[in-house]
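S.K.: Predicted model, plus sequence, below.
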Amino acid sequence: MRARPTDPGVPIPAPGDRDAGVGVLRSGAGIPRSGAGVPRSGAGVPRSGAGVPRVGGLHPATELVLLGCALVLVYGLPSPLVPALLLVGAGAGAARSPRVRFGRWLATLAVLAGPMLLVVGVVQGLFYPGADATVLWERGPVAITVEGLAVAAQLWLRVAAMIGVCALFAFGADSARTFDGMIRLRAPLGIAYVCATAMSLVPLLRDRISHALDARAARGWDTSRAVTRLRLLPGILAGLLSASLVELDQRHDALEQRGFGRAVRPAPLQEHPDGRIQTVLRWGAPLVAAALLVASAIGVLPLPTASELIGVLRG
């Protein structure tokens with residue numbers, strides 16, 4: 001009689017393992033116990049507020065307001081004490097913030113503000129064009145003047161403070177925080193979407209450039225040399241920018257199809273702490289900044305200028 005074909009899904013025990021029961025399903029094996037696989041009471045049901053990640057620290061709307069007020073004070077008040085204090089405050093915030101690495105913030109400040117210090121120090125500090133300037137040291141066409149040092153210090157401190165404050169916000173925020181902050185400030189959805197997308201483009205391009213350089217290295221390029229990386233970057237950036245624009249267009253079409261912009265106030269992407277103190281801070285910071293500008297303009301707030309500070313240091 002012809003043998004019946006074996007079902008491939010059922011294991012056949014070896015002859016020596018029949019008595020030991022190897023390969024044979026035990027009684028009840030594979031059968032779920034009573035209640036197994038059934039979720040417990042309340043399991044799988046999200047709690048109130050679940051699904052929205054909670055983020056500590058200041059509300060992103062408060063951070064945006066403080067950022068704007070800081071930039072207004074940096075360029076609105078004529079004293080170098082203001083950008084110096086804001087720069088120190090930004091450094092302290094970067095050192096204490098759990099979302100910002102102080103070394104990264106300091107390296108960004110050094111890379112962006114360091115060349116500016118060199119340029120203004122040489123151009124204004126050594127070759128100030130004023131005829132009635134107070135000369136501190138002179139040799140040939142090179143002269144160190146009080147007015148040149150004052151202009152150089154004021155200009156560099158303003159640029160350094162702007163870089164420090166913006167870097168503190170940029171390293172501590174992401175696209176979701178930026179979008180939530182602008183929505184909380186009642187900004188139009190289109191502007192909030194553009195700003196949030198711009199925040200997400202920087203890390204995206206950085207990662208894709210790194211992957212593209214790794215791919216070139218796998219094909220034999222010596223990407224450890226800076227000259228090779230600079231030679232490859234134009235072609236990589238051209239392709240990445242065009243691909244990013246296409247991706248942004250597709251993302252915008254997908255958002256429109258899903259009803260983006262139909263809600264008057266969309267729900268936040270993250271849960272941020274927002275109490276009465278932060279509400280008062282968001283309203284009070286612009287009023288204080290405006291009051292300081294008006295007081296400085298009418299002479300009620302006599303802040304020392306850079307020339308006066310240099311004169312005090314000279315004794």
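M.R.: That came in fine, so what should we check first?
S.K.: can I assume D274 sits in a strand?
M.R.: No: D274: not assigned to a strand; according to DSSP: H, G, I helix; E, B strand; the rest coil it is coil.
S.K.: ok, it - how many residues close by?
M.R.: The tally of other residues near D274 (other Cβ atoms under 10 Å) stands at 17. Where you see a C-beta, it was placed from the backbone N, CA and C, and this is true even at glycine.
S.K.: Also V294?
M.R.: 11.
S.K.: Could you pull out the buried residues of stretch 86-104?
M.R.: By 16 or more other Cβ atoms under 10 Å, the buried positions in stretch 86-104 come out as L86, L87, A90, G91, G93, A94, S97, V100.
S.K.: Now do it: distance from first to last residue.
M.R.: End-to-end distance of stretch 86-104: 18 Å, with Cα to Cα, to the nearest Å as the criterion.
S.K.: Likewise for stretch 270-283?
M.R.: Start-to-end span of stretch 270-283 (Cα to Cα) is 22 Å.
S.K.: model confidence over that stretch, on average?
M.R.: Stretch 270-283 shows a mean pLDDT of 87 in the predicted model.
S.K.: List the buried residues for that stretch?
M.R.: Going by neighbour count (16+ other Cβ under 10 Å), the buried part of stretch 270-283 is H272, D274, Q278, L281, R282.
S.K.: could I get the residues you listed as JSON lines with distance to L255?
M.R.: JSON lines is the format used below for the buried residues of stretch 270-283 (distance: Cβ to Cβ, whole Å):
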{"residue": "H272", "distance to L255": "22"}
{"residue": "D274", "distance to L255": "25"}
{"residue": "Q278", "distance to L255": "29"}
{"residue": "L281", "distance to L255": "32"}
{"residue": "R282", "distance to L255": "28"}
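S.K.: Report whether the expected contact of F102 with A95 is present.
M.R.: Yes: at 4.7 Å, F102 and A95 qualify as touching, with contact defined as Cβ atoms under 8 Å.
S.K.: Of all pairs in the buried residues of stretch 270-283, which one spans the longest distance?
M.R.: H272 and L281 (13.7 Å; Cβ to Cβ).
S.K.: returning to what we had before: next step: the buried residues of stretch 86-104 restricted to helices.
M.R.: Counting by DSSP state H, the part of the buried residues of stretch 86-104 found in helices is L86, L87, A90, G91, G93, A94.
S.K.: what's the closest of those to L58?
M.R.: G93 (10.0 Å).
S.K.: Skip the chain neighbours and tell me the closest residue to the closest one.
M.R.: L168 (5.4 Å; Cβ to Cβ, 6 or more residues apart in numbering).
S.K.: which residues touch that neighbour?
M.R.: L168 makes contact with A90, G93, A94, S97, V100, W105, according to Cβ atoms under 8 Å, 6 or more residues apart in numbering.
S.K.: Could you save the residues you listed as CSV and add columns showing pLDDT and distance to T305?
M.R.: Shown next, in CSV, are the contacts of L168 (pLDDT from 0 to 100; distance: Cβ to Cβ, whole Å):
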residue, pLDDT, distance to T305
A90, 94, 22
G93, 92, 27
A94, 92, 28
S97, 88, 32
V100, 89, 32
W105, 93, 29
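S.K.: is it possible to export these to a markdown table including distance to T178?
M.R.: Listed next are the contacts of L168 as a markdown table, based on distance: Cβ to Cβ, whole Å:
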| residue | distance to T178 |
| --- | --- |
| A90 | 18 |
| G93 | 18 |
| A94 | 18 |
| S97 | 16 |
| V100 | 15 |
| W105 | 18 |
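S.K.: just those now: which is nearest E247?
M.R.: Nearest to E247 among the contacts of L168, with distances taken as Cβ to Cβ, is V100, at 27.9 Å.
S.K.: Was I right to think that closest one contacts F171?
M.R.: Yes: applying Cβ under 8 Å as the test, V100 and F171 come out as touching, 4.5 Å apart.
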